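Novice: quick one: sequence plus predicted model below, questions after.
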Number of protein chains: 2
Amino acid sequence: MNQTAYANDQFLRACLRQPTDYTPVWLMRQAGRYLPEYNATRAKAGSFMGLATSPDFATEVTLQPLDRYPLDAAILFSDILTVPDAMGLGLSFAIGEGPRFAKTVREEADVAALAVPDMDKLRYVFDAVASIRKALTLPDGRSRVPLIGFSGSPWTLACYMVEGAGSDDYRHVKSLMYRRPDLMHRVLEINAQAVTAYLNAQIEAGAQAVMVFDSWGGVLADGAFQAFSLAYTRRVVEGLKREHQGQRIPCIVFTKGGGQWLEGIAACGADVVGLDWTTDLAAARSRVGDRVALQGNIDPMVLFGGEAAVRAEVRRTLDRFGAPKKADGNWGGHVLNLGHGLNQHTPPEAVAALVDEAHTHSRRNHQN
Amino acid sequence: MNQTAYANDQFLRACLRQPTDYTPVWLMRQAGRYLPEYNATRAKAGSFMGLATSPDFATEVTLQPLDRYPLDAAILFSDILTVPDAMGLGLSFAIGEGPRFAKTVREEADVAALAVPDMDKLRYVFDAVASIRKALTLPDGRSRVPLIGFSGSPWTLACYMVEGAGSDDYRHVKSLMYRRPDLMHRVLEINAQAVTAYLNAQIEAGAQAVMVFDSWGGVLADGAFQAFSLAYTRRVVEGLKREHQGQRIPCIVFTKGGGQWLEGIAACGADVVGLDWTTDLAAARSRVGDRVALQGNIDPMVLFGGEAAVRAEVRRTLDRFGAPKKADGNWGGHVLNLGHGLNQHTPPEAVAALVDEAHTHSRRNHQN
C-alpha cells in the first residue's frame, strides 16, 4: 500500500522533530460544546454516547473545528473511557455531569472478573476512524491533515473504573492501591493490554498518530506515579505499532500534573510529551533535550481573556519554546496546544485568534 | 515578658533547622470530621461557622487530636476563608458541601468596594488563639506544644472570592486575571494587606508559628503563579512579625501543586516550605539546600491502606528526607505532615499508627 500524501503534514513532522514551516496547532477537545454546530449534532444524536458510538456523527463533529479553523490535525471524536465500557462496566453521561459507570471495580471478585475486552465491541470506534479518514481525503487523494487516535492511560481508566465516576480525592482507587497493590497491578496489567490492542486497532483503521491521556497521573504520589501509572503507559507505548503502511506513527503521552516527572515520561518511548500550563516550555525543552518533541501548553482559561490576551499568550508560549531549529542544525519539535481540553464556555472567536496567532507568529520563529 | 517555655518544642526547632530528638509531626486538618468527638462538638455548635466563631468550641476541637495522639503541634481550628468573610462577602457552609460566599467579586465595582477589613471583625479568631494558648498551658506554666496560626494566601482567598465557591476549572478567577490583570492585582493587594494584618494579630494573640495555605496556587500557569500568587505570599511573609516576646515565629508556606516552583517558593522568606505528595523529599531537599526546612508530604489516602502500609509510607517519607543532621554538622529541618488535609473518612487508628511510626522511626534517623 502506498504512503499517505498530506496536504498538510506539519503536525507529523513536528512530532518527529523534522523541519516544519511553522508550529502546527491543534487543541485538546477541539470538537465540543463550545461550537454551536457540535451542539446541533449532539441534539440529533440524542446523547453523548449516541454521538460517540455513531461513526457518522463522530465524523461530522470531528470535522467541524477543521472547517472553522486552519488546524493542523484532526482528533477522533470519542471518549477516553470507551475501553472500560467495552469491559462491561456500563458507561453513561448524565446531562451536565461527567462520566459514570454502572459497575465499579473495588473488590477482589471485581478484579477477577475483569478481562481485556473483545475489540469487536469497539468496532464503532474503528469504523469512526475509517470514516473520518475518508472524510479528510481531498479529491486529489491527499489527506487534509493527519488524524490522531487516542485512549485513556491504564491508570486513568483505573481511576474511573474503581471510583465509578470522577472524584476529587481518588479515595477508592488510592485505597485499593495502598491496601492491595497486587489487585491494582492486575487491573493495570489488563488495562495496559486492552489499551495497546485498542490503539493498534485504531492505527490499523487509519489513525496516523496516537495519544495516551494520563489525565489523572498527576494525583499520584512521587514513586506511586512511576509504579502505577508510568510503568503501564510505557508498556502501552512499547506495544504500539509504530510503523503502518510505510509510515511512522507518532505517539504522544500527556500526563496532566506530570511536570515534575518530565524526564521519566520523556523516557517512556513516546515521540511527544504533552505538558500542562504549569511547566515552563523553555525549562522543559532543556530537561528533555533531543529525546522527544513537546506539545502544549496554554492554559485553556486564557481563551476567556479577550483577543489581545490570547494573542500575547500564544506568542509567549511559542517564544518560551524558542527557535525550533537549534544551533546544531537539528530540530526540536513543538506542537502548539492547550494544557488541557477546551472549556465548553470558550468563545469560538478566541480559538480563531489562537490558531491565527500561532501560525503567524511561529512562521517568524521558523525563519531564524 | 518572658519567653514561653515548652514541654515539647521539637516542632519549632525543626522549623528553624535546629537540632531535634526526632522528626516532629502534626497533620493538616488534624481536628476534623474523622474524629467522633469533633462531630459531637460540631453538633453542639449547630454549624461549622458556629464552631469556628466560638472561641470555646474552637479551643475544644483544637485540643481533641492532641488528647488522642502525641502530636508535636496544635493548629488553630478555623477556616482559611475568615478574611473574605470579614470583608462582608458572607461565608457559609452547607452540609456536605464546601464553602460558599453570598457575594462574589467579579466586576470593577465589586473590586472598588473591597477593603482590608477591620480586624475587630475577626476578634473571635484572636480570642480563640488566646483561649487555645491558655488550654495548652500546663500547671507548671510551660506550653504542651506550640500553637500554629494560619490564613489562606492572597491568591487562594481571591479564588474563592471571585468564584464564590470551590471550582474545578477556576474559570471566573482566571478570566478576571487574563482579562483585567489590573483588577486582579488590586484584589490581591488588598488580600495581602488583610492577610498580613490577620496573621500578625494571631501572633499577638499567641500564635507561635504561622502558616499560609496557598491551596490553589498550583492551578496557575507558570509565570502567572509567580506574578499572581507567589508575589503576594512574599508580601505577606515580608510583613509578618517574625519575633514576638523574644521568640522567633516560624512561617510556613504551603502551595498545593507547587513542586515545580519549589526554588521560588523557598526564596519567599518563609522558614518552612510545605510540600504535597507529588514531590520527592530527597530531590526537594537538594533543591532548597539550607534555605528552608521542609514540611510534608504523605498522601492522606495512605491512611486508608491499613496499618502496615501507613507505617511503611512513614518510614519511606522520613528516609527520603534522610538524616536531619548533615555531613557539615548543620541541621536540615523536617516536619512530618501529610501533603494535604486529613480526609473525613480516615480511620482514627491509622492516624495513631502514623504518629507512632514517625516518632519511633525518626529517633533512629536522628541518632546517626
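Specialist: Thanks, I have it. Treat the numbers as computed from the prediction; the structure is a model and nothing was measured. Numbers count the residues shown, from 1 in each chain, chains lettered A, B, ... in the order given.
Novice: check contacts around the closest residue to chain B within the stretch 251-368 of chain A.
Specialist: Among all residues of the stretch 251-368 of chain A, A:Gly305 sits closest to chain B, at 2.8 Å; criterion: Cβ to the nearest Cβ. (C-beta placed from N, C-alpha, C; glycine too.) A:Gly305 makes contact with A:313, B:175, B:177-179 under the criterion Cβ atoms under 8 Å, 6 or more residues apart in numbering or on different chains.
Novice: what is the nearest of those to B:Gly322?
Specialist: B:Met177 (38.9 Å; Cβ to Cβ).
Novice: how about the closest one: what's its closest non-neighbour residue?
Specialist: Closest residue to B:Met177 apart from its sequence neighbours, by Cβ to Cβ, 6 or more residues apart in numbering or on different chains: B:Met184 at 4.5 Å.
Novice: can you pull the contacts of that neighbour?
Specialist: Shown in contact with B:Met184 (Cβ under 8 Å, 6+ apart): B:158, B:173, B:176-177, B:228.
Novice: can you select the buried ones from those residues in ChimeraX?
Specialist: Selection of buried members from the contacts of B:Met184 for ChimeraX, criterion 16 or more other Cβ atoms under 10 Å in any protein chain shown:
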select /B:158,173,176,177,228
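Novice: A:Arg287 touches A:Gln260, doesn't it?
Specialist: No: with contacts counted by Cβ atoms under 8 Å, A:Arg287 stays clear of A:Gln260, the gap being 10.5 Å.
Novice: out of the two, which sits in the more crowded spot?
Specialist: Taking neighbours as other Cβ atoms under 10 Å in any protein chain shown, A:Arg287 and A:Gln260 compare with A:Gln260 leading, 22 against 15.
Novice: which SSE is the most far-flung residue of chain A relative to its centre in?
Specialist: What lies farthest from the middle of chain A is A:Ala109; by Cα atoms, centre = their mean that is 31.9 Å. Element membership of A:Ala109, judged by DSSP states H and E, is helix A:108-112.
Novice: now that helix: mean pLDDT?
Specialist: Averaged across helix A:108-112, the pLDDT comes to 97.
Novice: quick revisit: pLDDT score assigned to the residue nearest to B:Met177?
Specialist: According to the prediction, B:Met184 has pLDDT 98.
Novice: tell me which element it falls in.
Specialist: Short version, using DSSP H and E: B:Met184 is in helix B:181-205.
Novice: likewise for A:Pro19?
Specialist: Going by DSSP H and E, A:Pro19 is not in any helix or strand.
Novice: wait, it touches A:Trp331, no?
Specialist: Yes: the pair A:Pro19 / A:Trp331 is scored as a contact, 5.5 Å apart, by Cβ under 8 Å.
Novice: which of these two has more residues huddled nearby?
Specialist: For A:Pro19 and A:Trp331, the more surrounded residue by other Cβ under 10 Å is A:Trp331, and the numbers stand at 20 against 13.
Novice: show me the contacts for the more buried one.
Specialist: For A:Trp331, the contacting residues are A:17-20, A:324-325, by Cβ under 8 Å, 6+ apart.
Novice: list buried residues within those residues.
Specialist: Burial by neighbour count, 16+ other Cβ under 10 Å: within the contacts of A:Trp331 this picks out A:17, A:20, A:324-325.
Novice: of those, just say which sits nearest to B:Leu71.
Specialist: Closest to B:Leu71, out of all of the buried ones among the contacts of A:Trp331 and judged by Cβ to Cβ, is A:Arg17, at 52.7 Å.
Novice: tell me the secondary structure at the closest residue in space to A:Val105 that isn't next to it in sequence.
Specialist: Distance criterion Cβ to Cβ, 6+ apart; nearest residue to A:Val105, sequence neighbours excluded, is A:Met161 at 4.6 Å. Following DSSP: H, G, I helix; E, B strand; the rest coil, the label given to A:Met161 is helix.
Novice: and the gap between the residue positioned nearest the centre of chain A and B:Leu188?
Specialist: Geometric centre of chain A, nearest residue: A:Met211, 4.4 Å, by Cα atoms, centre = their mean. Going from A:Met211 to B:Leu188 by Cβ to Cβ, to the nearest Å gives 36 Å.
Novice: repeat that for A:Thr156.
Specialist: A:Thr156 is 34 Å from B:Leu188, where distance means Cβ to Cβ.
Novice: next: A:His244.
Specialist: Distance, A:His244 to B:Leu188, by Cβ to Cβ: 52 Å.
Novice: of these two, who's got more company?
Specialist: Neighbour tally, A:His244 and B:Leu188, criterion other Cβ under 10 Å: the higher count belongs to B:Leu188, 24 against 18.
Novice: residue contacts, the more buried one?
Specialist: B:Leu188 makes contact with B:154-155, B:158, B:228, B:231-232, according to Cβ under 8 Å, 6+ apart.
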